[in-house]
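Participant: Take this sequence and fold it.
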Amino acid sequence: MSRIGNKPIAIPAGVTVTIDGNHIVVKGPKGQLERDIHPKVTAKVDGNEIKVEIASEQDGNLHGLTRTLISNMVEGVEKEFSKTLQINGVGYRAQKQGTKLVMNLGYSHQVTMDPPDGITFDVPDANTVIVRGIDKEIVGQTAAVVRTKRPPEVYKGKGIKYDYEHIRRKEGKTGKK
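Facilitator: Numbers count the residues shown, from 1 in each chain. Below is the predicted model of the structure:
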């Protein structure tokens, strides 16, 4: 039995939810998201709440998952999600050219990234990149792709890391004795 799946999802003011069979459409001030849910799971709008139910107890893992996905859709169209990345290293920096993100990461060339649909890049300073969007999955995936362009290195700490991430540093080799 899923404890998370049993919690109802509150629908805030300004957000509308339409359920047609297994297809859910959530509209809000930031945009619109759509998703097909698993056939063994049913979702119903009851007043200003969404309730997620399953056919049998064996589908409990789908229960909590589906409830969380729908909850993230509602939260995304209301507020928007963001991930913050920090760039560390001498000469490492990012800038925004139009909608593209252009980064100097110690390579012989600049690394350029186009944002996926529904994603925007913000560069408040040369060493910070903020990935924003209404779909939590795409925001997280895009931030992970940006991070893979130069992952943090354990000896000097150079590279791209999440703002909450702590890089465990290694001690370098010592000279002969």
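
Participant: Which neighbouring elements make contact with the helix or strand of the chain with the lowest mean pLDDT?
Facilitator: None of the helices or strands of the chain scores lower by mean pLDDT, DSSP states H and E than helix 3-6, at a mean of 84. For helix 3-6, the elements it packs on are helix 60-78, judged by 3 or more CB pairs under 8 Å, 6 or more residues apart in numbering; DSSP states H and E. Bear in mind the C-beta positions are built from the backbone N, C-alpha and C, glycine included.

Participant: residues of the helix it packs on that come out buried?
Facilitator: Applying a neighbour-count criterion of 16 or more other CB atoms under 10 Å, the buried positions in helix 60-78 are 62-78.

Participant: Now do the helix or strand following that helix: everything it contacts.
Facilitator: Towards the C-terminus, the helix or strand next in line after helix 60-78, according to DSSP states H and E, is strand 81-88. Counting by CB atoms under 8 Å, 6 or more residues apart in numbering, strand 81-88 makes contact with 72, 75, 93-94, 103, 105, 126-136, 139-140, 142-143, 146-147, 150, 152, 157-163, all of which sit outside it.

Participant: buried residues in strand 81-88?
Facilitator: Taking 16+ other CB under 10 Å as the basis for neighbour counts, the residues of strand 81-88 that come out buried are 81, 83, 85-88.

Participant: Just the angle for that strand relative to helix 60-78, thanks.
Facilitator: Here strand 81-88 points in a direction 80 degrees away from that of helix 60-78 (axes from the mean of the first three to the mean of the last three CA atoms, to 10 degrees).

Participant: Summarise which helices and strands the helix or strand following strand 81-88 is packed against.
Facilitator: Heading C-terminal from strand 81-88, the first helix or strand you meet, by DSSP H and E, is strand 93-97. Secondary structure elements in contact with strand 93-97, counted by 3+ CB pairs under 8 Å, 6+ apart, are strand 100-104, strand 119-125.
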